[in-house]
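S.K.: just coords:
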């Protein structure tokens with residue numbers, strides 16, 4: 001018999017900049033450094049998009065390509 005308390009019986013999607021590659025988890029993982037995602041419901045870290053060539057990001061969980069910044073002169 002289902003309970004009628006305040007228990008949330010639905011699953012929530014991972015938000016932008018996050019993914020989850022396992023089932024039955026209560027939180028999502030952050031996209032790794034050098035990657036970002038503006039999409040939701042990602043299931044692998046490789047689904048997070050790499051920063052464009054000539055840019056990088058040290059931020060984990062980047063949710064916009066704007067978080068990728070240009071490499072300084074003499075680097076790539």
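M.R.: Yep, it's here. Keep in mind the model is a prediction, meaning the values are calculated, not measured.

S.K.: now the strands for this structure?
M.R.: Using DSSP state E, the strands assigned to the chain run over residues 18-19, 29-30, 35-36, 49-50, 55-56, 69-70.

S.K.: for the first one, which helices and strands make contact with it?
M.R.: Secondary structure elements in contact with strand 18-19, counted by 3 or more C-beta pairs under 8 Å, 6 or more residues apart in numbering; DSSP states H and E, are strand 29-30. Quick note: C-beta positions are derived from backbone N, CA and C, even for glycine.

S.K.: and the strand it packs on, what's its mean pLDDT?
M.R.: Strand 29-30 comes out with an average pLDDT of 98.

S.K.: can you give me the end-to-end distance of stretch 39-59?
M.R.: Stretch 39-59 has an end-to-end distance of 17 Å (criterion: C-alpha to C-alpha, to the nearest Å).

S.K.: tell me the buried residues in it?
M.R.: Residues of stretch 39-59 classed as buried by neighbour count (16 or more other C-beta atoms under 10 Å): 39, 42, 45, 48-49, 51, 56-57, 59.

S.K.: same question, stretch 17-31
M.R.: 17-20, 28-31.

S.K.: tell me, how many residues neighbour residue 15?
M.R.: 15 (other C-beta atoms under 10 Å).
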